[in-house]
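> task: produce atomic coordinates for the following.
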Amino acid sequence: MKAIEIISKALENRSTNKGINYDIIIFVLDNPELHKSIIENKDNYTDLIHDIRGLMSKDVFFAPRVLNTEILKANKLLDRYFELKDDLLEFTDEFHDSMLYDIEGYSCEGLEAYDIEDLETQVKAFEMILKGYKNINYIFG
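Below you'll find the predicted structure:
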């Protein structure tokens with residue numbers, strides 16, 4: 001909750017749009033992997049708000065000022081993993097539920113460095129599986 005307090009204080013004098021302020025706070029609540037980095041940069045309000053709003057926009061060209069870049073990598077991997085889950089569903093439902101449980105687990109518990117490595121391996125593996133299904137010249141009926 002320390003990270004939420006820091007962000008709330010940062011928003012006090014920087015934004016009067018309560019809707020956006022609530023969205024930022026909810027985003028921080030939903031992304032516990034950000035908390036450590038927010039606490040480490042607790043006195044840098046402007047850059048914290050900049051980085052959080054940039055992460056919220058999912059802009060591929062966004063460059064964070066103070067937040068950990070591993071978070072960006074983790075978010076991109078999770079987004080790709082989510083896309084792969086749906087792409088594979090066009091060919092098979094064998095992996096869908098387990099991938100969904102993985103995504104929920106990573107989202108709820110946050111990602112550590114070893115989780116990022118595991119997720120990166122999973123993304124590569126499922127990309128190869130998807131490529132294999134696409135290369136099979138078979139009509140599913």
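> please give the element, helix or strand, for residue 73.
Assigned by DSSP states H and E, residue 73 belongs to helix 69-89.
> in that helix, which residues are buried?
71-72, 74-75, 77-78, 80-81, 84-85, 87-88 (16 or more other CB atoms under 10 Å). No exception for glycine: its C-beta is placed from N, CA and C like everyone else's.
> got the angle between the longest helix anywhere in the chain and helix 69-89?
Across the chain, the longest stretch assigned as helix under DSSP state H is helix 113-135. Relative orientation of helix 113-135 and helix 69-89, computed by axes from the mean of the first three to the mean of the last three CA atoms, to 10 degrees: 30 degrees.
> what does helix 113-135 rub up against?
The contact list for helix 113-135 (CB atoms under 8 Å, 6 or more residues apart in numbering) reads 70, 73-74, 77-78, 80-81, 84-85, 87-88, 91-92, 95, 99, 102, 106, 111.
> so what are the domain limits for the protein?
Per the record, the chain has its domains at 2-57, 69-135, by automatic domain parsing.
> dump these to JSON lines, plus mean pLDDT and distance to residue 63.
What follows is those, written out as JSON lines (pLDDT from 0 to 100; distance: least, CB to CB, whole Å):
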{"stretch": "domain 2-57", "mean pLDDT": "88", "distance to residue 63": "8"}
{"stretch": "domain 69-135", "mean pLDDT": "85", "distance to residue 63": "9"}
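> returning to what we had before: how about the buried residues of helix 69-89, which pair is most distant?
The span of the buried residues of helix 69-89, defined through CB to CB, is set by 71 and 88 at 25.8 Å.
> what about residue 70, distance to residue 32?
Residue 70 sits 14 Å away from residue 32, going by CB to CB, to the nearest Å.
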